[in-house]
Structures are given as structure tokens and as C-alpha cells.
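Participant: take this sequence and fold it.
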Amino acid sequence: MIGGLLRHKVHCWIWGCCSGAVGGTLLVQDEGVAVGTTAVLNFVGTGVLAKVDPMVPGRINIYIPPPAYSAAFSIDNVATANRYVAAPGPYGVGTWNLSVVHPCLRTSPLTYTSSHPHSSGTFTINNNVSTTLRVRVYDSDNLSVLAENLLTLTGNANQNINNINLTIWSWQTEGDKFAARMNCSINLAAIMPQGGRFLIEFVHNNGSDGIVTRTQGPMFYDIEPAVQAISGLSIAENTVSSSKWLSGIRYYTIGDTFDIGIADLDNMNANSYPQPFVAVDSWGEYGIPNFDLNGSDLTGWTNAWNDVDDSYLGTHAITRPSFRYIGTAANITAQVTDWVAGASAASGDASVCIDTYVPESTQLAEYFTDEAYRRRWGFAGTEALWDSTQDMTAYDDNKGMMTMGGLLQTRYGDWNGHAPGLGANPDYTGFAGWGTYCRRFIDVAGLVRGSATMTISGFTVTDLVNSDVRMWIMIPGRWTSPCYCHGPLTFDFGTFNGDNDPIRTSDSAGGTLKMSFGALGLNATYTYFIMCIEIQNPAIRPDSIIVSW
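Facilitator: The predicted model follows:
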């Protein structure tokens with residue numbers, strides 16, 4: 001209130017005295033510094049500002065409090081991407097070294113706005129008579145002007161000259177100055193129809209407050225006259241150094257190699273390009289690490305803007321651990337990378353068997369990822385280890401179940417068309433009846449074991465009770481014939497003699513099978529038992545059987 005009153009009184013006093021006074025002068029000072037002469041006034045303190053009014057000759061403006069001015073002119077730069085520029089075509093690159101990246105863009109028109117973090121984009125304007133804003137687009141030499149727009153700032157305005165559209169808006173008074181915001185749209189497509197290197201310059205001539213220059217560039221405008229193209233993606237077996245079979249079927253695994261090729265790549269560098277510019281996805285179905293391609297990886301590639309007819313061929317190995325693909329639609333894909341995801345290609349679908357799991361089974365655990373502990377059918381204890389290379393239609397009891405994909409299952413399918421085995425792989429179509437599987441579970445501690453527990457995933461005790469799964473257990477040398485866990489009968493200590501007896505105990509349930517060996521269990525001499533199971537239903541596919549004592 002006091003400041004307002006003082007301001008009112010000073011304003012009136014100056015005009016009342018000076019406008020009606022005869023003779024004399026009034027010298028007006030701000031903090032001891034003369035700002036004009038009529039008589040003498042000196043306002044001291046941070047809450048006052050005295051200035052000559054540039055619009056009214058002979059008038060001194062005294063501001064209490066002083067006005068808050070906007071910041072000097074500035075701009076928000078447009079977004080660019082760091083890319084390589086192709087060797088000169090129908091555009092200029094100036095003195096650029098083309099072996100390094102440069103700021104590039106694909107956008108037209110370019111949109112600039114005035115900016116300042118403390119003024120919401122407004123900038124200060126000294127007066128509305130002599131202040132100008134000039135926008136220029138320079139050619140690749142940073143000297144030749146391709147387009148220019150010059151606007152005198154007198155208020156809100158819109159001026160479109162030489163494909164540069166300048167808009168001044170939000171015009172406002174700030175004490176003895178003005179403030180406004182700016183938008184600028186530059187139609188590069190019309191100014192530079194061939195694209196090329198350029199520089200943008202803004203010059204705000206703010207009268208006695210000086211000149212502010214803001215630039216962005218040099219940059220490269222890519223008109224992308226020809227989109228990238230890719231065709232002829234292929235993958236072919238190179239070497240099968242491994243020897244992995246499961247149930248008579250051969251598999252690719254870690255270390256096996258493939259030749260990956262791209263027959264034709266065109267327009268990789270029209271007119272700027274990233275590196276790498278091709279991404280190959282070979283991980284999902286082949287277990288080969290994904291990889292990217294640069295120009296130096298290609299045959300026939302140069303950094304010329306019209307480069308075409310490039311190709312690629314390279315050898316890559318399977319490295320993905322604990323991975324399987326067993327099917328008829330294995331392929332790889334390649335995606336061109338440019339300003340946006342461009343053309344893509346896929347190899348033809350292939351029938352392959354890939355399994356990179358290492359053996360996981362142990363003396364007391366079966367995970368059906370391997371056949372390391374599998375044995376030929378029998379209960380004598382002299383049965384040979386299983387030969388995984390054998391066609392089961394002519395091997396052992398001709399009823400062996402398949403170990404595939406971490407599952408034990410009744411065998412099925414014609415595998416002749418699946419690489420890498422192809423014609424050497426078996427034909428398991430038409431199998432019917434009970435499939436079989438045998439292995440030993442071994443107590444390496446050699447302790448007395450009168451019972452055992454099996455934790456089963458893939459079938460239940462109910463399946464055993466219903467005889468949908470049949471299971472025999474044999475301790476060679478201790479029993480005279482195999483005993484069984486399937487069917488309705490359970491272990492009876494009073495009748496058990498190790499000769500075709502039931503050994504499932506009545507407290508078995510769900511996936512927990514409990515067995516009793518009576519007084520004829522394992523010991524330091526007899527350290528293992530044989531398990532043989534039969535499954536007829538193809539929907540029953542166990543994935544693990546784990547023994548504990």
C-alpha cells in the first residue's frame with residue numbers, strides 16, 4: 001500500500017510539477033546513477049527501478065516494485081539421431097568425415113519453439129520498433145543461405161516466407177519492455193528436396209539489449225529415397241560334431257554349426273544409416289545367439305548412397321544351454337533397421353530336433369532328459385546299458401518308450417524327415433500297446449534300506465491303483481521275482497517273501513509312492529533295485545521320478 005501510494009505520489013508530483021513548472025530541471029537517478037534530466041530524484045533500494053521510457057521522450061518511469069523480465073531469446077533444438085552418412089550422392093556433406101557418425105534427421109517440417117526453464121518459453125523484447133527475429137537455413141558449407149525469414153517484432157504475428165513460417169504469440173507487456181513466445185516451422189522438404197547437410201540459425205536483434213544468436217547444426221536431412229530391402233535368408237547345417245541320440249533319434253546340440261546366409265541386401269545406406277543395420281534372430285528356434293550385421297560383414301558393400309546387391313554368409317554355432325526345439329517349423333528371421341523397423345525376411349521352415357540339456361539323471365533321480373541310467377528290459381541285474389542310437393522298433397523288447405523333451409512317453413511319429421538324423425531316424429508311427437522303460441536306482445552309501453519313497457511327477461498313485469501305469473521293482477539276489485506297485489493290493493509284512501508280492505504301502509497318495517521291502521531290503525551287498533514301468537495311455541507322460549530313503 002505504501003509503495004503504491006508513493007508510486008502514485010511520485011508520478012503525480014513529477015507530472016504535476018514538471019508539466020506546470022516554469023524553468024528548472026529534474027534529474028532522476030537510480031541508486032545514484034542518472035537516468036534522465038528534468039529535476040533531481042534519487043530512489044535508493046532494491047524495491048524500486050527508474051528508467052527512461054523509450055516510447056515517450058522526456059519521461060522517466062519509476063517502478064515499485066521493479067518489473068520481472070523474461071529471459072533472453074533461446075530455442076528448443078529438434079531431435080536428431082547419430083548415424084553414418086553415405087558417400088556423397090545428389091546432396092552436399094561439406095567437410096564432414098564420413099567414417100564417423102553425425103546428427104541426422106528424417107523429419108520435415110522442423111518445428112522450433114522459444115524456450116527458457118524459468119519463463120515458460122517467453123523471451124524479452126526491448127521495444128516493438130527495432131527488435132527483429134531472423135531465421136536462416138544454411139547449405140552444407142555453413143555459409144550459403146538456402147532460405148531466410150526476417151520478422152520485425154511489433155506484436156502477435158504470423159509470417160511465412162521462403163518455406164519458413166514464423167509465429168509470434170502470447171505478446172505481453174513487462175514494464176518498459178515486452179515479452180512473447182515463438183514457434184517456427186521450417187519446410188526442409190521444399191528447401192532441400194535432395195536432402196543433405198544443413199545448419200539452422202536464429203538471430204534476435206534486441207536493440208540496445210544486444211543480439212542473441214542460437215544455432216543447431218550442422219545436421220543431415222535424410223530424404224530416404226529408397227527403402228532398404230532384404231531377401232533370401234537361409235540357414236543350413238554345416239557341421240554336426242556332437243553325437244547326441246535319445247531313443248534312436250539324433251539331435252543337434254551345443255557346438256553344432258550352421259551356415260546363415262542372406263542372398264540380397266539393397267539400399268542399406270540411402271541416405272544415412274545406422275550401424276548395425278540388420279538384426280538376425282536365430283535364438284528362439286535354433287539356440288544360435290542373435291547377431292547384428294554391419295557393412296563390413298557384407299560381401300559387396302560400400303558406403304555409397306546407392307549401394308545395392310550386397311550379401312552375407314557366415315557360420316554360427318548353437319550355444320543355448322538347457323534348450324529344446326523339436327518340430328517342423330524351425331526358422332530364423334532378419335530385420336532391417338533404419339529410421340523405423342523396415343523390411344524383414346524369414347528362412348524356410350525346417351524339421352529339426354535340437355536338445356542341449358546335459359545329463360541330469362543321478363543314481364537316485366530320473367528326469368528323462370537323458371538315458372544315462374536306462375537299461376534294457378529285465379530283472380536279472382545283468383541287463384546292458386541302453387543304447388540310445390538304436391531304432392526301438394528292432395531293439396530290446398521292441399516296445400521301449402521314448403525319452404523326448406524331458407518326458408517319458410509312448411513312442412510316436414515318423415522322424416525320418418527331421419535333421420540331423422533324417423533318413424537314419426526311426427519311424428515310430430503305428431505303435432500300440434504297452435511301452436516299457438527300465439533303470440536302476442542305486443544306494444551309493446550301501447546302507448540297510450527296508451523301504452523307499454518315490455516322488456513322481458507326471459502320474460499319480462491313483463494311476464498305479466487303476467493299473468494305467470504298471471510298475472515292477474526287483475532287488476536281484478534278494479528276491480526270487482519282481483514285486484509290483486500297481487493294482488489294488490498293498491504291502492503285507494506277514495505274507496511278503498520277495499516273490500511277486502505287492503510292495504506299495506497303504507499310506508501312498510498323490511505323487512508320493514511309498515514302498516516296503518520287508519526284511520529283504522538293500523544292504524552293503526545289494527545296493528540297487530531295478531524299476532521297470534509300462535504305460536499304454538499316451539496322455540500319461542512322467543517327467544521325473546526321485547527316490548529317497
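
Participant: for the rest of this, base every contact and every neighbour count on C-alpha atoms.
Facilitator: Noted.

Participant: need the helices for this structure, in chain order.
Facilitator: Secondary structure of the chain (DSSP state H): helices located at 2-20, 188-191, 283-286, 461-465.

Participant: just the residues contacting the last one, thanks.
Facilitator: Okay, so that is helix 461-465. 469-471, 485-488, 508-513 (C-alpha atoms under 8 Å, 6 or more residues apart in numbering).

Participant: rank the helices of the chain by pLDDT, which is bottom?
Facilitator: Among the helices of the chain, helix 2-20 carries the lowest mean pLDDT, at a mean of 39.

Participant: most surrounded residue in the contacts of helix 461-465?
Facilitator: Cys485 (26 neighbours; other C-alpha atoms under 10 Å).

Participant: if I pick the nearest residue to Asn537 once chain neighbours are set aside, what's in contact with it?
Facilitator: With sequence-adjacent residues excluded and distances taken as C-alpha to C-alpha, 6 or more residues apart in numbering, Asn537 is closest to Asp468, at 7.1 Å. Shown in contact with Asp468 (C-alpha under 8 Å, 6+ apart): 535-537.

Participant: just the ones of those in strands?
Facilitator: Ile535 (DSSP state E).

Participant: can I get the contacts of Asp468 in a markdown table including neighbour count?
Facilitator: Listed next are those as a markdown table, based on neighbours: other C-alpha atoms under 10 Å:
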| residue | neighbour count |
| --- | --- |
| Ile535 | 23 |
| Gln536 | 18 |
| Asn537 | 15 |
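
Participant: tell me the one of the contacts of Asp468 nearest Val145?
Facilitator: Nearest to Val145 among the contacts of Asp468: Asn537, at 82.6 Å, using C-alpha to C-alpha.

Participant: ok, now how distant is that closest one from Ala279?
Facilitator: Separation of Asn537 from Ala279 (C-alpha to C-alpha, to the nearest Å): 45 Å.

Participant: same thing with Asn126?
Facilitator: Asn126 is 55 Å from Ala279, by C-alpha to C-alpha.

Participant: more neighbours: which of the two?
Facilitator: Higher neighbour count among Asn126 and Ala279: Asn126, with 21 against 17, using other C-alpha under 10 Å.

Participant: in contact with the nearest residue to the more buried one once chain neighbours are set aside, which residues?
Facilitator: Nearest residue to Asn126, sequence neighbours excluded (C-alpha to C-alpha, 6+ apart): Lys177, at 5.1 Å. By C-alpha under 8 Å, 6+ apart, the contact list for Lys177 reads 69, 124-127.

Participant: switch the cut-off to 6 Å
Facilitator: Counting by C-alpha atoms under 6 Å, 6 or more residues apart in numbering, Lys177 makes contact with 125-127.

Participant: again with Ile535
Facilitator: 434-435, 469.

Participant: give me that answer again for 10 Å
Facilitator: For Ile535, the contact set (C-alpha atoms under 10 Å, 6 or more residues apart in numbering) comprises 401, 408-410, 433-437, 467-471, 541-542.

Participant: again with Pro109
Facilitator: Neighbouring residues of Pro109 by C-alpha under 10 Å, 6+ apart: 163-165, 184-190.

Participant: which one of those sits closest to Gln390?
Facilitator: Here the nearest of those to Gln390, counting by C-alpha to C-alpha, is Ala189; it sits at 69.2 Å.

Participant: burial count for that closest one?
Facilitator: As a measure of burial, Ala189 has 18 neighbours, counting by other C-alpha under 10 Å.

Participant: contact partners for the closest residue to it other than its chain neighbours?
Facilitator: The spatial neighbour of Ala189 that comes closest, neighbours along the chain excluded (C-alpha to C-alpha, 6+ apart), is Ser108 at 5.9 Å. The contact partners of Ser108, by C-alpha under 10 Å, 6+ apart, come to 185-190, 221-223.

Participant: so what pLDDT did Ser108 get?
Facilitator: For Ser108, the model assigns a pLDDT of 96.

Participant: swap in the one 4 residues further on?
Facilitator: The score at Tyr112 is 96. That number is its pLDDT.

Participant: give me the neighbour count for the residue nearest to Tyr325 when sequence neighbours are not counted.
Facilitator: Excluding the flanking residues, the one nearest Tyr325 by C-alpha to C-alpha, 6+ apart is Ile354, at 5.0 Å. As a burial measure, Ile354 scores 25 neighbours (other C-alpha under 10 Å).
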